[in-house]
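Peer 1: Prediction below, plus the sequence it came from.
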Amino acid sequence: MKIKALLFSALTAFASLPAAAQPAPQLRADNIDAVIAAMTLEEKANLVVGDGMGGFSARPVIGSSSSIVPGAAGTTKAIPRLGIPSVVLSDGPAGLRINVDRPFDHNKYYATHFPIGTSLASSWNTALVEDVTKAMGQEVREYGVEVLLAPALCLQRNPLCGRNFEYYSEDPVLSGNIAAAYVNGIQSQGVGTSVKHFAFNNQETMRMGNDARVSQRAARELYLKNFQICIEKSHPWTIMSSYNRVNGVMTSESHDLLTTILRDEWGYKGLVMTDWFGGTDPVWRGGHTDRGANIWAGNDLIEPGMDKDVKEIVDAVKSGKLDVKYLNQCVRNVLDLVVRTKRFAGYHYSNHPDLEAHAQVTRQAAAEGTVLLKNNGTLPLTSVRNVALYGNASYSLIAGGTGSGNVNRAYTISLVEGLRNAGCHVDETLTNRYAAYLEEWTRKHGKLNANVLEVPKLPDELEAEVTSEEVSNNDVAIITLSRISGEGQDRTAENYNLSTQERELLHRVCAAYHQAGKKVVVVLNVGGVMETASWKDLPDAILLPWQCGQEIGNSIADLLMGKSTPSGKLPMTWPVSINDDPSTKNFPSDVKDESLDLSSMFKDASKMAQVKNVGYTNYEEGIYVGYRYYDTFKKEVSYPFGFGLSYTTFSFGKPYVKDQGKSISLSVTITNTGKRPGKEVAQVYVTAPKGKEDKPAQELKAFAKTRTLQPGESQTLVMNIDKIDLASFYESKSAWVVDPGVYTFRVGSSSRDIKGNATLAVKKQIKKVHNVLKPQVKLTSLKLGQ
Ligand code: BGC
């Protein structure tokens, strides 16, 4: 008893010592409460503000946490007094973005450039995506990075968004599932992801100030649905809020988005960080920042972080504007992240990921993401030896897009190298001509594949007639057309269309080779959609390998020569004209150059917020994005959503649906009916019965891909759909409503190639959610019958 009393008085005496005199608790996974209790207000504010961008420069500040991994986009702050180490955050999504060179270090720190997001999504293969990102995650871990700032999964609302190459699809089910696989692959390696940009970052023009005005229905059914699927299926360690506003509120200040929807409705438990310098309005909007509001909204970490951010948070608490309980929650979320990391566990990273093995991973993954758009029996080029290559891109392939999504890789294989590796002879006269031109171009414009948005124009001399020697010396002609795009800038209609030079080249090469009875193949080395309707009849085959990473030349050669078989399917519609897309009229492509002239805008900054598609963008197409529009309004397209050929053919058996109570299972048997091995995708589109709201003609609800099927071989694919996922969002009820009636499950190999269907009667179901993210202006959304 005496001992107990003594112990008690010793303990209470100890507890009443001033904070500084007490031994500070050292962070462990099980003492986060004690650590938070021991933190000063300043320490808390410092922990929720990153350590700046020192690591981003070529010569990071030695000794600061920003020098831990040079080239990393940011870090959290270490607090040694409490045993809290930094967390290193580095870009993706096509691979780990770090600096190759380090001060006083002769080693090279290359990372693998894997296929871009759009290419991964075109595989429609979640297992493949997970394999790719397992390899990527190993690089993240072995280079000492804790969180990869990826995947990027904003919906591809319009073909011209500059960052579409990082994004996955116009459809939320495809996009959400591919993203979940991506996250699961990376996180299986003991490192985290940051799912970005949450949300509505569907254009790059004025991305830091643009207000996405969107109906609650389109928000719920499309732009949030992909994030919801990804988050529920993969539990990403972190999420990155976007730069833009949604219905008038900055996403990083939106309690509705970051707390009510993300955490209360979806049950998200991880951390939310701002995009870099996000939460700061551009000058033309008044330059407003409110770090207290970020913290209150549930945005736990400000990146990259500046001293004034810390001060703002401290002041907000001291003035009573911000209740410290919100800050404590953010601190807890940062600490939860810290204790999950390998750095916290004392892991010794090697700085030697298996780059050789990963080169093979990216080389092979490219085949599954490559879409064969046309083939009249030309591909694969089994008996071809001599090849004539046209178009600058044949000699300088683009591995990926620009900006933070660009990966500092050791090399990019060109098509010449790829074809030579495959045993082909590439026409040397042509090669020399192009090489000389490209050398000159690079001298003038800088190295391609860095942050150069321009692709070399075809030189004038190449507009000359295709020579008879070229035609007689070669078995086949390949023309590569390319486009590059990236962060901070949207594409233009001009960029979407063929240039006059490209068109002339196509006509000349096709005429000359066809006259000699020889074939022409077009390779599209692009990051997004381009115009094809006006010229697709000219060549004999069109292959779309996208920008599939550093092994691109080898990957394309494997496909052309038949060493691998394309099995990609389009993750978005390819319209006939860019103006066919209902979102184009409210996309910055119609912003004239004068209105983007910042210097004149700044003269009357307040006006800028009123400029359509600069200050705000009305999502007037509502739920009719991509095939939801084209298929419902029966518009002609150049290539439909989900389209993609193979070197073999497939048949689909009759689909069967089974009521499983809460869910529905659907099965279909696919058989390889051709002469070569290949893979096929089953795409399940659901047509819902009529309800009070109009509905798209059909919506993708599930998909699955076969393994490689040998000729004659079959596989039965089984897919599950939760009944609640058949619901439409009813704004009047703030609820997901499954209208009762007969649902048709249409199984096909594209949205316009339905092979069979099955039906099932489903009962009414309602799931109420919060009435949040309301538009603040009257928004007219496209409706059927308009
Ligand atoms: C981009 C993010 C990126 C961040 C860090 C921002 O400008 O929008 O995608 O992760 O920079 O580099």
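Peer 2: Here it is on my side, so go on.

Peer 1: tell me which parts of the protein are close to the ligand?
Peer 2: Neighbours of the ligand within the chain, by C-beta under 6 Å from any ligand atom: 73, 91, 149, 196, 275-276, 404, 487. C-betas here are computed from N, CA, C, even on glycine.

Peer 1: which of those residues has the most neighbours?
Peer 2: When neighbours are counted by other C-beta atoms under 10 Å, Leu149 leads the residues of the chain next to the ligand with 30 neighbours.

Peer 1: so what's the residue in the stretch 251-400 of the chain positioned nearest to the ligand up against?
Peer 2: In the stretch 251-400 of the chain, no residue comes nearer to the ligand than Trp276, which is 3.8 Å away by C-beta to the nearest ligand atom. Going by C-beta atoms under 8 Å, 6 or more residues apart in numbering, Trp276 touches 53, 73-74, 303-304.

Peer 1: And the pLDDT for it?
Peer 2: Looking at Trp276, its pLDDT is 96.

Peer 1: what's the weakest-modelled helix or strand in this structure?
Peer 2: Using mean pLDDT, DSSP states H and E, helix 2-15 stands out as the lowest-scoring helix or strand of the chain, at a mean of 43.

Peer 1: which is the next helix or strand following that one?
Peer 2: Using DSSP states H and E, the helix or strand that follows helix 2-15 in sequence is helix 32-38.

Peer 1: Out of the contacts of Trp276, which comes closest to Gln710?
Peer 2: Checking those against Gln710 with C-beta to C-beta, the nearest one is Ala73 at 45.6 Å.

Peer 1: what's near enough to touch the nearest residue to that closest one once chain neighbours are set aside?
Peer 2: Counting by C-beta to C-beta, 6 or more residues apart in numbering, Ala73 lies nearest to Asp91, which is 5.2 Å off, once chain neighbours are set aside. By C-beta under 8 Å, 6+ apart, the contact set of Asp91 is 73, 97, 148-150, 404-405.

Peer 1: what bridges to Asp91?
Peer 2: Arg97, Leu149 (DSSP bridges).

Peer 1: Tell me the pLDDT of it.
Peer 2: pLDDT at Asp91 comes out at 96.

Peer 1: Regarding the spatially most central residue of the chain, which helix or strand does it belong to?
Peer 2: Centroid check for the chain by C-alpha atoms, centre = their mean gives Tyr167 as the closest residue, at 2.6 Å. Under the criterion DSSP H and E, no helix or strand holds Tyr167.

Peer 1: and Ala470, what element?
Peer 2: Wrong residue type there; residue 470 is Glu, not Ala. Assigned by DSSP H and E, Glu470 belongs to helix 468-473.

Peer 1: Now do that helix, average pLDDT.
Peer 2: Rounded mean pLDDT across helix 468-473 is 96.

Peer 1: Contacts for it, please.
Peer 2: Contacts for helix 468-473 (C-beta under 8 Å, 6+ apart): 386, 388, 427, 429-430, 477, 512-513, 515-516, 518.

Peer 1: Grab the CA positions of it and hand them over as CSV.
Peer 2: Taking Å, rounded to 0.1, in the frame of the first residue of the first chain, the C-alpha atoms of helix 468-473 are listed here in CSV:
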residue,chain,number,x,y,z
SER,A,468,11.2,4.6,-106.1
GLU,A,469,14.3,3.1,-104.4
GLU,A,470,12.6,3.4,-101.0
VAL,A,471,9.6,1.5,-102.3
SER,A,472,11.6,-1.1,-104.1
ASN,A,473,14.2,-1.6,-101.4
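
Peer 1: Same question for it: list its buried residues.
Peer 2: Using 16 or more other C-beta atoms under 10 Å as the test for burial, helix 468-473 gives 470-471.

Peer 1: pLDDT below threshold where in the stretch 401-550 of the chain?
Peer 2: Residue ranges of the stretch 401-550 of the chain with pLDDT under 70: 445-464.

Peer 1: which ones are touching the residue of the stretch 651-786 of the chain at minimum distance from the ligand?
Peer 2: In the stretch 651-786 of the chain, the residue found nearest to the ligand is Leu773; the distance is 21.5 Å by C-beta to the nearest ligand atom. The contact partners of Leu773, by C-beta under 8 Å, 6+ apart, come to 214, 216, 219, 246-247, 254, 256-257, 261.

Peer 1: Sort out for me which of those residues are in helices.
Peer 2: Per DSSP state H, helices hold the following members of these: Gln216.

Peer 1: can you pick the most crowded of the contacts of Leu773?
Peer 2: Ranked by the number of neighbours (other C-beta under 10 Å), those place Leu257 first, at 29 neighbours.

Peer 1: correct me, but it touches Phe200?
Peer 2: No: here Leu257 lies out of contact with Phe200, judged by C-beta atoms under 8 Å, at a distance of 9.1 Å.

Peer 1: on that earlier part again, got a quick PyMOL command for the buried subset of the contacts of helix 468-473?
Peer 2: Of the contacts of helix 468-473, the buried ones go into a single PyMOL selection, burial set by 16+ other C-beta under 10 Å:
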select buried, resi 388+427+430+477+512+513+518
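
Peer 1: now, which of the contacts of helix 468-473 lie within strands?
Peer 2: With DSSP state E as the criterion, strands contain 386, 388, 477 from among the contacts of helix 468-473.

Peer 1: tell me the helices in the stretch 551-700 of the chain, going along the chain?
Peer 2: Taking DSSP state H, counting those that start in this stretch as the test, the helices found in the stretch 551-700 of the chain are 552-561, 598-603, 605-608, 627-632.

Peer 1: and the one residue in the stretch 551-700 of the chain that gets nearest to the ligand, what does it touch?
Peer 2: Going by C-beta to the nearest ligand atom, the ligand is nearest to Pro588 of the stretch 551-700 of the chain, at 16.7 Å. Shown in contact with Pro588 (C-beta under 8 Å, 6+ apart): 160, 203, 205-206, 490, 596, 613-614, 617.

Peer 1: Identify, from the residues you listed, the entry nearest to Arg676.
Peer 2: Lowest distance from Arg676 to these (C-beta to C-beta) belongs to Leu160, with 36.3 Å.

Peer 1: so the closest one makes contact with Gln489?
Peer 2: No: contact criterion C-beta under 8 Å: Leu160 and Gln489 do not qualify, at 10.3 Å.

Peer 1: Show me which of those two is the more surrounded one.
Peer 2: Neighbours per residue (other C-beta under 10 Å) separate Leu160 from Gln489, with Leu160 holding more: 26 against 16.

Peer 1: Tell me which helix or strand the more buried one sits in.
Peer 2: With DSSP H and E as the test, Leu160 turns up in no helix or strand.
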